[in-house]
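Trainee: The following block contains a protein sequence and its predicted model.
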Amino acid sequence: MCGIVGYLGPKQAYPILIDGLKRLEYRGYDSAGIATLEDKATLRIEKKQGKVANLEAHVGNEKPKGTVGIGHTRWATHGPPNDINAHPHAGGQGHLAVIHNGIIENYEALRELLTHRGHNLVSETDTEVLAHFIEEVQLTTGLDLPDAVRTALKEVVGAYALVVLDQRHPDRLIAARKSSPLVIGVGQDNEFFVGSDATPIVAYTKNVIYLEDEEVATMHRSGELTIRTIGDAVVTPEIHAIELEMASLEKAGYDHFMLKEIFEQPKSIRDSIRGRIRIHAGESTVSGVDDHWEVWSQAKRILILGCGTSWHAGLVAEYLFEGLARIPVEVEYASEFRYRNPIVRSDDVVVAISQSGETADTLAAIRLAKDQGAHVFGVCNVVGSSIARETHAGAYTHAGPEIGVASTKAFTAQVAVLTVLAMHVGHRLGTLEDQQFMRLMTGLDNIPGLVEKVLDNAGIIEHIAKKFAGSDNALYLGRGYQFPVALEGALKLKEISYIHAEGYPAAEMKHGPIALIDEAMPVVFIATQDEVYEKVVSNIQEVKARGGQILAIVTEGDSKVRSLADHVLEIPKVDDALAPLLTVIPMQILSYHIALMRGCDVDQPRNLAKSVTVE
Ligand code: F6R
């Protein structure tokens with residue numbers, strides 16, 4: 001949420017900032033802006049509502065010069081998306097500029113104080129308050145900029161990742177974070193890069209420092225970097241080498257990142273299970289579990305936390321853990337859990353699921369669970385992310401960078417890792433017998449090849465999409481393992497095509513949603529041949545009797561549902577526990593094509609942003 005980029009070094013900053021903003025645009029696209037120091041002395045701020053392309057058009061040929069600068073792409077929190085509320089924000093005297101990701105909770109009190117002291121704030125943002133407040137501290141204390149920033153931040157309540165540029169100090173860039181991610185890239189030739197994540201940095205350097213909470217970094221043109229906490233403790237920077245490849249950040253010939261990511265799923269699932277299941281040895285390995293087996297073997301309950309699509313993956317995991325490891329599971333929206341005064345015990349294992357590893361609600365819920373003594377296991381995609389670092393142990397999904405705002409390959413990678421996790425724990429506990437364990441391992445190993453087979457049918461799905469593209473509503477129904485997939489299918493459709501869609505357990509339909517069924521209502525059924533197949537067939541009949549348009553996802557060779565549904569999509573027969581990895585794929589493709597047909601921005605749907613780092 002909100003993208004931050006910064007540069008200090010010998011090169012021209014503007015092209016680096018613009019390139020970085022384009023790479024970070026998936027974090028927010030309400031407005032974009034940059035600030036540079038021209039002639040190392042004059043602060044030039046350019047900002048524009050809308051996407052980075054608007055900013056570029058606005059700047060035209062008058063490209064800002066200077067070898068230090070900051071850039072921001074906004075996901076609006078305080079104040080609507082417009083030019084004035086766009087970042088960077090200047091202090092009242094116009095010599096410092098600030099970009100910020102997060103929410104300053106006490107901004108109203110600070111605003112009042114500043115207004116009292118004669119500051120004239122022009123925007124509605126909390127960030128402008130921050131810029132003026134840092135300036136006010138500088139003015140009243142005479143402190144040097146890094147100290148003024150630290151002193152100001154002591155008074156600030158809330159979350160921030162920020163970068164400050166001051167025209168009186170053209171050789172320095174100040175960056176600070178609390179609860180919002182910030183990465184510093186250390187390049188050659190005494191140059192520094194700053195990013196909300198590594199994507200704007202990786203083209204220039206693979207050496208990064210992850211700033212921790214309440215740390216303030218001062219980067220100097222001489223190559224010197226100092227980090228102090230806001231409490232003034234000196235921190236020794238720890239440099240990490242990132243493995244991110246530039247190619248993984250490009251569209252690779254696809255029209256959209258979402259489509260590329262859908263088609264990457266055979267690979268991302270394979271990468272996520274590789275080394276964790278070893279069929280020939282008849283073993284699985286999850287070192288994050290094995291290293292803490294004492295805790296897992298005594299777990300009385302598994303508490304799963306996540307948001308959005310990651311929460312849906314958690315619901316699949318509930319069926320998996322209860323079915324295979326026989327441990328009671330509760331799945332919680334991280335955002336609700338943290339405000340509910342929840343009961344967490346020391347014999348609970350908490351599994352936190354997050355693609356970005358930065359979701360503010362999930363992070364806060366993890367901290368709460370840790371404070372109450374639970375062991376927390378993370379399932380994250382972004383290496384080095386806050387959640388990956390703050391959990392006691394974990395298993396990465398190896399989906400590679402997910403740039404499309406709608407999550408696709410991250411979901412299947414999460415489900416794949418969670419499947420291995422549940423199988424592994426079940427097998428070690430003895431609740432999953434050798435034979436079934438081997439069958440599931442072999443089945444899981446075959447999944448990437450079967451996903452390829454489902455993807456081969458993308459053309460048929462595009463054809464079916466035409467029938468539904470004009471709808472205003474849609475209902476997605478599934479039972480058992482397929483209920484979370486129904487929720488995920490509905491979420492995919494609504495977030496990128498803006499069609500109102502509901503996911504429901506199929507059997508719940510008759511308790512209310514059935515009232516919605518008429519000739520104009522498309523109903524997507526997941527009716528694979530599993531334990532609840534016959535029940536779902538009855539639900540299909542109920543919809544058919546009321547004239548609903550039925551699209552059914554069925555097992556290859558199914559004839560019963562085919563005779564009832566208007567359209568069917570086949571998936572290969574697999575074990576019930578593995579089927580979500582296949583049934584979700586047609587849903588993703590369907591949403592993609594419907595959104596395209598409706599003229600929607602597939603990769604950057606309105607109002608959304610990847611990585612929700614605000615509450
Ligand atoms: C939906 C989607 C979101 C995220 C949610 C959690 O397509 O992408 O619902 O799943 O914001 O994000 P992470 O997994 O990064 O914690």
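Mentor: Noted; the coordinates are in hand.
Trainee: Quick check: residue 18 touching residue 33?
Mentor: No. Residue 18 is not in contact with residue 33 according to C-beta atoms under 8 Å; the separation is 11.1 Å. In short, each C-beta sits where N, CA and C put it, glycine included.
Trainee: between these two, which one's more packed in?
Mentor: Just comparing residue 18 and residue 33: by other C-beta atoms under 10 Å the higher neighbour count belongs to residue 33, 26 against 22.
Trainee: how close does the residue lying closest to the more buried one once chain neighbours are set aside get to the ligand?
Mentor: Closest residue to residue 33 apart from its sequence neighbours, by C-beta to C-beta, 6 or more residues apart in numbering: residue 47 at 2.9 Å. Distance check for residue 47 against the ligand: by C-beta to the nearest ligand atom, to the nearest Å, it reads 26 Å.
Trainee: Please apply the same query to residue 155.
Mentor: Counting by C-beta to the nearest ligand atom, the gap from residue 155 to the ligand is 30 Å.
Trainee: Can you report how many residues lie near that residue?
Mentor: The burial count for residue 155: 13, using other C-beta under 10 Å.
Trainee: Next: residue 310.
Mentor: Using other C-beta under 10 Å, residue 310 has 25 neighbouring residues.
Trainee: That one against residue 356, yeah?
Mentor: No. Checked against C-beta under 8 Å, the pair residue 310 and residue 356 is beyond contact range at 9.0 Å.
Trainee: hmm, back to that, now do the helix or strand containing the residue nearest to residue 33: which elements does it pack against?
Mentor: Following DSSP states H and E, one finds residue 47 within strand 42-49. Packed against strand 42-49 by the contact rule (3 or more C-beta pairs under 8 Å, 6 or more residues apart in numbering; DSSP states H and E) you find strand 31-38, helix 52-59, strand 96-104.
Trainee: now for those, which one comes closest to the ligand?
Mentor: Closest to the ligand of the helices and strands packed on strand 42-49 is strand 96-104 (C-beta to the nearest ligand atom; 14.7 Å).
Trainee: Buried residues, the next helix or strand after that closest one. List them.
Mentor: Once the chain leaves strand 96-104, the next helix or strand it forms, by DSSP H and E, is helix 107-116. Using 16 or more other C-beta atoms under 10 Å as the test for burial, helix 107-116 gives 107, 110-111, 113-114.
Trainee: and the angle from helix 107-116 to strand 96-104?
Mentor: Between helix 107-116 and strand 96-104, the angle comes out at 140 degrees (axes from the mean of the first three to the mean of the last three C-alpha atoms, to 10 degrees).
Trainee: Now do the buried residues in the next helix or strand after helix 107-116.
Mentor: For helix 107-116, the following helix or strand on the C-terminal side (DSSP H and E) is helix 126-141. Of the residues in helix 126-141, those buried by neighbour count under the rule 16+ other C-beta under 10 Å are 126-138.
Trainee: Pipe those into a markdown table and attach pLDDT and distance to the ligand per row.
Mentor: Formatted as a markdown table, the buried residues of helix 126-141 follow (pLDDT from 0 to 100; distance: C-beta to the nearest ligand atom, whole Å):
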| residue | pLDDT | distance to the ligand |
| --- | --- | --- |
| 126 | 92 | 22 |
| 127 | 94 | 22 |
| 128 | 95 | 27 |
| 129 | 96 | 27 |
| 130 | 95 | 25 |
| 131 | 96 | 29 |
| 132 | 97 | 32 |
| 133 | 96 | 30 |
| 134 | 96 | 30 |
| 135 | 95 | 34 |
| 136 | 95 | 35 |
| 137 | 96 | 34 |
| 138 | 94 | 36 |
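Trainee: Which one of those residues is nearest to residue 479?
Mentor: Using C-beta to C-beta, residue 126 is the member of the buried residues of helix 126-141 that sits closest to residue 479, with 45.2 Å.
Trainee: ok, the closest one - contacts?
Mentor: Residues counted as contacts of residue 126 (C-beta atoms under 8 Å, 6 or more residues apart in numbering) are 77-78, 100, 103-104, 107, 158.
Trainee: do that again at 7 Å, thanks
Mentor: Taking C-beta atoms under 7 Å, 6 or more residues apart in numbering, we find residue 126 in contact with 78, 103-104, 107.
Trainee: Quick check: closest non-adjacent residue to residue 608.
Mentor: Excluding its sequence neighbours, the residue lying closest to residue 608 (C-beta to C-beta, 6+ apart) is residue 405, at 5.0 Å.
Trainee: What is the neighbour count of the one you found?
Mentor: Neighbours of residue 405 under the rule other C-beta under 10 Å: 23.
Trainee: just residue 192 next, same as before
Mentor: Look at residue 192: counted by other C-beta under 10 Å, it has 27 neighbours.
Trainee: ok, now the one 10 residues further on?
Mentor: Look at residue 202: counted by other C-beta under 10 Å, it has 23 neighbours.
Trainee: Tell me which residue of the chain lies closest to the ligand.
Mentor: Using C-beta to the nearest ligand atom, the closest approach of the chain to the ligand is made by residue 308 at 1.8 Å.
Trainee: count of residues packed around that residue?
Mentor: Neighbours of residue 308 using other C-beta under 10 Å come to 23.
Trainee: From residue 19, how far off is it?
Mentor: Residue 308 is 29 Å from residue 19, where distance means C-beta to C-beta, to the nearest Å.
Trainee: before we move on, what about residue 460?
Mentor: From residue 460 to residue 19 the distance is 39 Å (C-beta to C-beta).
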